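>>> Build the 3D model from these lines:
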Amino acid sequence: MTLTHCETTDVAMLRRPSEACRKVWRGTSDLGRIEPGRALDTGESARTEGAWPSSPSESQETIVESLIRALEARDPYTLGHSLRVAQLAAKIGAELGLTVRAQAELRCAGELHDIGKIGIEDALLKSDGALSAEEYRRVCDHCVIGERILEPLFRDRPVITGVARWHHERFDGTGYPDRLKGEKIPLPARIVAVADAYDAMTSARAYRDALPDSVAAFEMANGIGGQFDPTCATALLAILGRERWERRRAARRARKRKRAGCSSTRAFCAMVWNRLLVDPAPTAAIANHSVQGSQAALTHHPGYG
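Predicted coordinates for the structure are as follows:
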């Protein structure tokens, strides 16, 4: 049975969080209480490591890849979106000082955060116009559908199911599906929400073009404290600023190398030309500069009969 918003789905049941998500929500799981920016000394690192599940098995990785491919086949606009969100979420986790294991779990959760869209009708996913209130509510159901799809596969990994359910919650409490507010939203979901919003703004959609990176960064800054967790959004902006600086530095270096190369070429050509004006037998000067083939090229030039 396809998990869509239809008569055959018990919507009330569907909207109830899974037991794993309820544990995070109630605070009985350490996953919802990991604080960003902690010093990663031996004791703290061990405590934080223990809060995250072990690495995924090979079979789980295969299932994850199959689910992502199924989603991308349904919605071409999500092609590459899940992977970019996963990579950006892992970078934010690293910026906040989370462990390598936590970053890996964030990456997996980011890849699967939109899996519930498999249960949304194509007409809604690919619509290029404004949605009605009822259509928008049905699209919002992809969060709870995604949690239900993932729960049997990742029952022991509540980060993944929690991110699927809560990645559209807002820091000010106006998000969906549960209208969680502030730090009641588990940290992994807050991280993925920031990464998801940024990539959505910088990607083309059926109803709009992609926004420039600078405009998206400005919108992220405007959403701090409202839509986005201040700590997670600030970490993202720091990453974007650093990457922009690195790109500009690499571009300057490339231009500098190009100018240096052009200058050397111009100087050599000028030397050869000046030598030709003085001495009609330029082979010695060319050989001294180790230019292979130049001697033959100049010797057979029409001007050297």
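
>>> which residues are contacting the host helix or strand of residue 91?
Remark: residue 91 resides in helix 81-95, with elements defined by DSSP states H and E. For helix 81-95, the surrounding residues in contact (Cβ atoms under 8 Å, 6 or more residues apart in numbering) are 68, 71-72, 102-104, 106-114, 191-192, 194-196, 198-200, 203, 232, 235-236, 238-239. Where C-beta positions appear, they are placed from N, C-alpha and C, glycine not excepted.

>>> I'd like the distance between residue 154 and residue 163.
Look at residue 154 and residue 163: by Cβ to Cβ, to the nearest Å, they are 10 Å apart.

>>> Any of the contacts of helix 81-95 buried? List them.
By neighbour count, with 16 or more other Cβ atoms under 10 Å, these hold 68, 71-72, 102-104, 106-114, 191-192, 194-196, 198-200, 203, 232, 235-236, 239 as buried.

>>> so residue 150 touches residue 112, yeah?
Yes - counting by Cβ atoms under 8 Å, residue 150 does reach residue 112; the two are 6.2 Å apart.

>>> Common neighbours of those two, please.
160, 164.

>>> quick revisit: more neighbours: residue 154 and residue 163, which one.
More neighbours surround residue 163 than the other of residue 154 and residue 163, with 32 against 25 (other Cβ atoms under 10 Å).

>>> any idea how far residue 73 is from that one?
Counting by Cβ to Cβ - residue 163 and residue 73 are separated by 22 Å.

>>> so what are the domain limits for the protein?
Domain ranges of the chain: 11-228, 256-299, per automatic domain parsing.

>>> Show the average pLDDT along the longest one.
This means domain 11-228. On average, the pLDDT along domain 11-228 is 80.

>>> re earlier: extract the C-alpha set from the helix holding residue 91 and format it as PDB.
In PDB, the C-alpha atoms belonging to helix 81-95 read as follows (Å, rounded to 0.1, in the frame of the first residue of the first chain):
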ATOM      1  CA  HIS A  81      19.600  17.500  -2.700                       C
ATOM      2  CA  SER A  82      19.700  14.800  -0.100                       C
ATOM      3  CA  LEU A  83      23.400  14.200  -0.600                       C
ATOM      4  CA  ARG A  84      24.200  18.000  -0.400                       C
ATOM      5  CA  VAL A  85      22.100  18.300   2.800                       C
ATOM      6  CA  ALA A  86      23.900  15.300   4.300                       C
ATOM      7  CA  GLN A  87      27.300  16.700   3.600                       C
ATOM      8  CA  LEU A  88      26.400  20.200   4.900                       C
ATOM      9  CA  ALA A  89      24.900  18.800   8.000                       C
ATOM     10  CA  ALA A  90      28.100  16.800   8.700                       C
ATOM     11  CA  LYS A  91      30.100  20.000   8.300                       C
ATOM     12  CA  ILE A  92      27.900  21.900  10.700                       C
ATOM     13  CA  GLY A  93      28.300  19.000  13.200                       C
ATOM     14  CA  ALA A  94      32.100  19.200  12.900                       C
ATOM     15  CA  GLU A  95      31.900  23.000  13.300                       C
END
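
>>> C-terminal to it, what's the next element?
helix 100-112.

>>> Report the inter-axis angle for that next one versus helix 81-95.
160 degrees (axes from the mean of the first three to the mean of the last three Cα atoms, to 10 degrees).

>>> elements contacting helix 100-112?
helix 42-51, helix 58-74, helix 81-95, helix 158-166, helix 187-201 (3 or more Cβ pairs under 8 Å, 6 or more residues apart in numbering; DSSP states H and E).

>>> right, so those helices: which one is the most enclosed?
Stretch with highest mean neighbour count among these: helix 158-166 (a mean of 30; mean count of other Cβ atoms under 10 Å).

>>> Pull the number of nearby residues for residue 99.
Residue 99, neighbours per other Cβ under 10 Å, totals 21.

>>> Start at 19, not 1
Let's use 19 as the start, then, which means that last one is residue 117.

>>> and it, what are its phi and psi?
The phi/psi pair for residue 117 (degrees, to the nearest 10) reads phi -70, psi 170.

>>> what's the spacing between it and residue 248?
22 Å.

>>> packing partners for the helix or strand hosting residue 161?
Taking DSSP H and E as the criterion, residue 161 maps to helix 160-168. Judged by 3+ Cβ pairs under 8 Å, 6+ apart, helix 160-168 is in contact with helix 29-32, helix 176-184.

>>> what angle do it and helix 176-184 make?
Going by the same axes, to 10 degrees, helix 160-168 makes 150 degrees with helix 176-184.

>>> relative to helix 76-92, how tilted is helix 160-168?
Going by the same axes, to 10 degrees, helix 160-168 makes 140 degrees with helix 76-92.
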